[in-house]
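[1] need a structure here:
(chains A and B)
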Amino acid sequence: MRSLNIAATGMQAQQLYVDITSQNLANINTTAYKLQRPEFSDLLYQNQRAPGSNSSDNGTVLPTGIQLGLGVRTTSISRNTTQGTLTGTSGPIDVAVQGRGYIQVTLPSGQIGYTRDGSFQIGPDGSLVTNDGFLVTPTITIPQNATSISINQSGEVSATIPNQPAAQVLGQMQTSNFINEAGLQAIGNNLFTETTASGAAIVGSPGQDGLGTILQGFLENSNVNPVTELTNLIKAQRVYEMNSKVVTKTDEMLQSLNQSV
Amino acid sequence: MDNGIYVALGRQITLFREMDMTANNIANTNTTGYNAEHIHFNTFLNHDKNQGVRNPLEFANDIRGYRDTEVGPLTITGNDLDVAIKSEGYFTIETPAGLRYTRAGHFERDNNGTMVTQEGYPVLDTSGKPIVFPDTATNIQIGSIGNIKVNGEDFTNLGIVQFDNPQLLQRLDNKLYKSEVTGNPAVDPVIAQGTLESSNVQSVTELTNMISISRSVTETAKFVEVMYDLQRKASNTFAQQQ
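    Okay, here's the model as predicted:
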């Protein structure tokens, strides 16, 4: 009885679809969250009658055979890296990347993490840090007496310091690009790390070599669309139900066989 | 009289096979680019040796499966490497085992910039070469005839092929098809970027099929029961007469 196992693979796949959809919905208000989507594939086929085999002694062949599929499996969960909408926050050290690019962050392990969440804070030593206190790389230190901080499109950070007429340049933000953004590994807290699939980081200045520009006073919203997610939830639930119906019907079929013996 | 039971048995076997096929369609309802598979029945004639052609026995025979090649509904995803074929045709994929074809256009770029499937197999262009995007490719546009533009400049064309008889394609896993004959370049393909083709499984049809298969199994089982009963009665009658 293949249909019982096939329905089981179908139910597992749809269960995962619900899991991913709920993950997307839970992160709908997470800054710079990128929506995920599972990708399903059919399993191997068993040839009951091979296409092209002889159907008579006169050399006529079967135009098609009978291929019985064995169900479904999840091949990947991919991240949709399209730009999220931007919200103005008027925070001087809130930044959004408009276009491609990730801001580098030094993780406690010393490894470089990448994020698009630009809701930065000022650390105890005046340096720019993430909400978890991880240093933004390259380090930008803001003097204690700085009165107004401005970050321009290409990521240059400057501030006005009392008794000095001209604005002081404090540092230059850098962003990284990847050939395959979707191949980055998510490690939670809106952070990603480089993998062999993503390729090495291509570090550059915002606005150059295809890198997106920096927008001060804005944060990037998640790119989750609630309507799409709710539709997906319905799709997953209905297909799950249909698969469970297959189990019930197969069971009924076997029952009627057993009763007739 | 025994033959009646064999005919019923043959029918039961094909019904269970049809159920497996329906279950596979239902399981793949949410699989991108999946085409529903159905079964064709014809009768298998077996001539009674003693009476020649006058008293043929007809067995149910599932002669072949056929793939529903209608284009499935399109879902908009917004990813620039998600492409759907809105007409007849298949993407050409290079796998270690040779050329394969698919309608599932959920592609990615790998760490070399090559356009690949979810399994990492390169997607080929019209000249049969993998499509490798340069590092500076920030804006990839795929036009409605499969022409790829990178940063506004013509780059290459997606290798979309079609077959004289698409039913001859053999199904493999991962939504790939294998062909013994080489495909011809597709005539006027219609491509949509940022879109994926959903499976063309019709839930209503599959559910109705499932119910009718299940009913047929019950009926055939009942038939076997009646035949068995008849045989039992017959042998009882003979036993009493002896």
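[2] In chain B, where's the longest helix?
    Among the elements of chain B assigned as helix by DSSP state H, the one spanning the most residues is helix B:203-241.
[3] Show me how far that helix is from its chain's centre.
    31 Å (Cα atoms, centre = their mean, to the nearest Å).
[4] And for residue B:214, the neighbour number?
    21 (other Cβ atoms under 10 Å in any protein chain shown). C-betas here are computed from N, CA, C, even on glycine.
[5] how about the nearest residue to the closest residue to chain A within chain B, chain neighbours excluded?
    For chain B and chain A, the shortest gap (Cβ to the nearest Cβ) falls at residue B:27, measuring 3.1 Å. Using Cβ to Cβ, 6 or more residues apart in numbering or on different chains and skipping the chain neighbours, the partner closest in space to residue B:27 is residue A:10 (3.1 Å).
[6] In contact with that neighbour, which residues are there?
    Neighbouring residues of residue A:10 by Cβ atoms under 8 Å, 6 or more residues apart in numbering or on different chains: A:71, A:72, A:239, A:240, A:242, A:243, A:246, B:23, B:26, B:27, B:28, B:29.
[7] Below-threshold pLDDT in the stretch 151-261 of chain A: ranges please.
    Within the stretch 151-261 of chain A, the segments meeting pLDDT under 70 span A:260-261.
[8] Spell out which residues of it are next to chain B.
    Residues of the stretch 151-261 of chain A lying close to chain B (Cβ under 8 Å from any Cβ of the partner chain) are A:177, A:179-180, A:182-183, A:196-200, A:202, A:209-210, A:235-236, A:238-239, A:242-243, A:245-246, A:249-250, A:252-253, A:256-257, A:259-260.
[9] Report the buried members of those residues.
    Among those, the ones that count as buried by 16 or more other Cβ atoms under 10 Å in any protein chain shown are A:177, A:179-180, A:182-183, A:197-199, A:202, A:210, A:235-236, A:239, A:242-243, A:245-246, A:249-250, A:253, A:256-257, A:260.
[10] Residue A:127 against residue A:143, yeah?
    No. Look at residue A:127 against residue A:143 with Cβ atoms under 8 Å: they stay out of range, at 11.0 Å.
[11] quick one, which of these two is more surrounded?
    Each of residue A:127 and residue A:143 has its neighbours counted (other Cβ under 10 Å); residue A:127 has more, 16 against 12.
[12] Show me what that one is bridged to.
    residue A:141 (DSSP bridges).
[13] check contacts around it.
    Counting by Cβ under 8 Å, 6+ apart, residue A:127 touches A:135, A:136, A:139, A:140, A:141, A:142.
[14] Buried ones from those, can you make that a PyMOL selection?
    Filtering those down to the buried ones (16+ other Cβ under 10 Å) takes a single PyMOL command:
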select buried, chain A and resi 135+136+140+142
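[15] Closest one to chain B out of the contacts of residue A:127, please.
    Closest approach between the contacts of residue A:127 and chain B, by Cβ to the nearest Cβ: residue A:136, at 23.5 Å.
[16] so where does that closest one fall, helix or strand?
    Assigned by DSSP states H and E, residue A:136 falls within strand A:135-137.
[17] Residues contacting that strand, please?
    Strand A:135-137 has contacts (Cβ under 8 Å, 6+ apart) with A:103-106, A:112, A:120, A:123, A:127-130, A:173-174.
[18] So which residues of chain B form helices?
    Applying DSSP H to chain B gives helices spanning B:2-27, B:203-241.
[19] Which strands and helices lie in contact with the first one?
    The contact analysis (3 or more Cβ pairs under 8 Å, 6 or more residues apart in numbering or on different chains; DSSP states H and E) places helix B:2-27 against helix A:2-26, strand A:66-69, helix A:226-260, strand B:37-48, strand B:52-67, helix B:203-241.
[20] Of all these, which one comes closest to residue A:91?
    Closest approach to residue A:91 among the helices and strands packed on helix B:2-27 (Cβ to Cβ): helix A:2-26, 24.4 Å.
[21] Stretch A:105-114 - what's its average pLDDT?
    Averaged over stretch A:105-114, pLDDT sits at 94.
[22] Distance across it, terminal residue to terminal residue?
    Across its full length, stretch A:105-114 reaches 6 Å between end residues, using Cα to Cα, to the nearest Å.
[23] chain center to that stretch, what's the gap?
    The answer for stretch A:105-114 is 19 Å, by Cα atoms, centre = their mean.
[24] which of the residues in it are buried?
    A:105, A:106, A:107, A:112, A:113, A:114.
[25] if we can go back for a sec, can you redo the helices and strands packed on helix B:2-27 as a markdown table, where the extra columns are distance to residue B:120?
    Conversion of the helices and strands packed on helix B:2-27 to a markdown table gives the following (distance: least, Cβ to Cβ, whole Å):
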| stretch | distance to residue B:120 |
| --- | --- |
| helix A:2-26 | 21 |
| strand A:66-69 | 23 |
| helix A:226-260 | 25 |
| strand B:37-48 | 26 |
| strand B:52-67 | 26 |
| helix B:203-241 | 32 |
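[26] Count the neighbours of residue 76 for me.
    Unless you meant another one, I'm taking chain A. Around residue A:76 there are 18 residues (other Cβ under 10 Å).
[27] You answered for a different chain; I wanted chain B.
    A count of neighbours around residue B:76, defined by other Cβ under 10 Å, yields 13.
[28] pretty sure it is touching residue B:194, no?
    Yes. Using Cβ under 8 Å, residue B:76 is in contact with residue B:194, at 6.2 Å.
[29] show me the contacts for residue 161.
    Going with chain A. Taking Cβ under 8 Å, 6+ apart, we find residue A:161 in contact with A:143, A:145, A:146, A:147, A:168.
[30] looking at chain B here, not the other one
    Per Cβ under 8 Å, 6+ apart, neighbours of residue B:161: B:89, B:90, B:92, B:101, B:182, B:183, B:184, B:185, B:186.
[31] Among those residues, which one has the most neighbours?
    Of all the contacts of residue B:161, the most densely surrounded is residue B:89 (27 neighbours; neighbours counted as other Cβ under 10 Å).
[32] and the closest residue to it other than its chain neighbours, what does it touch?
    If the residues on either side of it in the chain are set aside, residue B:89 comes closest to residue B:186, at 3.8 Å by Cβ to Cβ, 6+ apart. Residue B:186 makes contacts with B:85, B:87, B:88, B:89, B:160, B:161, B:162, as judged by Cβ under 8 Å, 6+ apart.
[33] Those in strands, which ones?
    Among the contacts of residue B:186, the ones falling in strands (DSSP state E) are B:85, B:160, B:161, B:162.
[34] Quick check: residue A:240 touching residue A:18?
    Yes. In terms of Cβ under 8 Å, residue A:240 counts as a neighbour of residue A:18; the distance is 7.5 Å.
[35] So between those two, which is more surrounded?
    Set residue A:240 next to residue A:18 and count neighbours by other Cβ under 10 Å: residue A:240 wins out with 21 against 16.
[36] what's the closest non-adjacent residue to that one?
    In this structure, residue A:240 finds its nearest non-sequential neighbour in residue A:14, 3.9 Å apart by Cβ to Cβ, 6+ apart.
[37] before we move on, back to that, for the contacts of residue A:127, give me TSV that also has pLDDT.
    Below are the contacts of residue A:127 laid out as TSV (pLDDT from 0 to 100):
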residue	pLDDT
A:135	93
A:136	93
A:139	92
A:140	92
A:141	91
A:142	90
